[in-house]
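S.K.: build me a model:
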Amino acid sequence: MARMSGPERRAQVLAIAAEEFAEHGLHGASTEAIAKTAGITQAYVFRMFGTKKALFLELVQAAFERLSDAMREAGEGEIGLGALSAMGAQYFGLLADRTGLLLQLQGFAACGDPEVRDVVRSCFARMWDTAENGTGLDPVTVKTFLAFGMLLNAGAAMDVEQVDAVWAEGVRTRIQPGLFTHVTTETNR
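M.R.: Numbering: from 1, shown residues only. Sure, this is the predicted structure:
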């Protein structure tokens, strides 16, 4: 078996750790399990990433960045509700990345830790800025858009695609761009 280069090993450990943290969260994940799956020592994991929390934060940031970058790219060349619609379609498509989705949710869940909270706030701010700056829409519309996104995240985390119930069908319902035409700061006064 050929030896992995440093960057290859790092990518391997990140992929394994992403699954572990997505499933178990910051406090439940095991660096020992990550190391064992990667075929390396736990000490080597710590040499690469410093601490378990640093590894977790790197993964959470990457999951949020993929989402913000994808939203930005989807909205390029559009403005207003057209940009928001393109971002929403992209967001909806990214819900299939269960590991990335769960990493984001695990980041929110670990916000009791001030360092995690600061990183997640920064990630969320970037997502907000992506939606606001990429559409030119007012804060109430951006807030509504992101609120629906959080509901979609919760539904995807619960795997509502597999649930045959009225409530699950409601959560799965695709949000059409027309929903946001009446949601503005002016109508929210």
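S.K.: any idea which element E19 lies in?
M.R.: Counting by DSSP states H and E, the secondary-structure element that holds E19 is helix 6-28.
S.K.: next one: that helix to chain centre, how far?
M.R.: Here the centre of helix 6-28 is set off from its chain's centre by 15 Å, with Cα atoms, centre = their mean, to the nearest Å.
S.K.: got it, and stretch 64-71?
M.R.: What separates the centre of stretch 64-71 from the centre of its chain is 8 Å, taken as Cα atoms, centre = their mean.
S.K.: ditto for stretch 106-114
M.R.: Mean-position distance between stretch 106-114 and its chain equals 13 Å (Cα atoms, centre = their mean).
S.K.: please enumerate residues in contact with it?
M.R.: Stretch 106-114 has contacts (Cβ atoms under 8 Å, 6 or more residues apart in numbering) with 21-22, 25-27, 53, 56, 60, 63-64, 116-117, 119-120, 123. In this view, the C-beta of every residue, glycine as well, is placed from N, C-alpha and C.
S.K.: hmm, try it at 6 Å
M.R.: The list of residues contacting stretch 106-114 from outside it, by Cβ atoms under 6 Å, 6 or more residues apart in numbering, reads 21, 25-26, 60, 116-117, 120.
S.K.: next one: stretch 13-25
M.R.: 29, 33-34, 37-38, 55-56, 59, 99, 102-103, 106, 109.
S.K.: quick one on the thing from earlier: please pick the buried ones from the contacts of stretch 106-114.
M.R.: Burial by neighbour count, judged by 16 or more other Cβ atoms under 10 Å, picks out 21, 25-26, 60, 116, 120 from those.
S.K.: nearest residue to G149 other than its sequence neighbours?
M.R.: The shortest distance from G149 to any residue other than its chain neighbours is 5.6 Å, reached at Y91 (Cβ to Cβ, 6 or more residues apart in numbering).
S.K.: relative to A125, how far out is the one you found?
M.R.: Using Cβ to Cβ, to the nearest Å, one obtains 17 Å as the distance from Y91 to A125.
S.K.: output stretch 140-159 as PDB, restricted to C-alpha atoms.
M.R.: Once side chains and other backbone atoms are set aside, the C-alpha atoms of stretch 140-159 remain, and they are given as PDB (Å, rounded to 0.1, in the frame of the first residue of the first chain):
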ATOM      1  CA  VAL A 140     -37.100  41.000   7.100                       C
ATOM      2  CA  THR A 141     -37.000  39.200   3.800                       C
ATOM      3  CA  VAL A 142     -33.600  37.800   4.500                       C
ATOM      4  CA  LYS A 143     -34.700  36.700   8.000                       C
ATOM      5  CA  THR A 144     -37.700  35.000   6.600                       C
ATOM      6  CA  PHE A 145     -35.600  33.200   3.900                       C
ATOM      7  CA  LEU A 146     -33.100  32.000   6.500                       C
ATOM      8  CA  ALA A 147     -35.900  31.000   8.900                       C
ATOM      9  CA  PHE A 148     -37.400  28.800   6.200                       C
ATOM     10  CA  GLY A 149     -33.900  27.400   5.600                       C
ATOM     11  CA  MET A 150     -33.600  26.400   9.200                       C
ATOM     12  CA  LEU A 151     -36.900  24.600   9.100                       C
ATOM     13  CA  LEU A 152     -35.600  22.800   6.000                       C
ATOM     14  CA  ASN A 153     -32.500  21.900   7.900                       C
ATOM     15  CA  ALA A 154     -34.500  20.500  10.800                       C
ATOM     16  CA  GLY A 155     -36.600  18.500   8.400                       C
ATOM     17  CA  ALA A 156     -33.600  17.100   6.600                       C
ATOM     18  CA  ALA A 157     -32.000  16.200   9.900                       C
ATOM     19  CA  MET A 158     -35.200  14.300  10.900                       C
ATOM     20  CA  ASP A 159     -35.100  12.700   7.400                       C
END
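S.K.: appreciated, that's everything.
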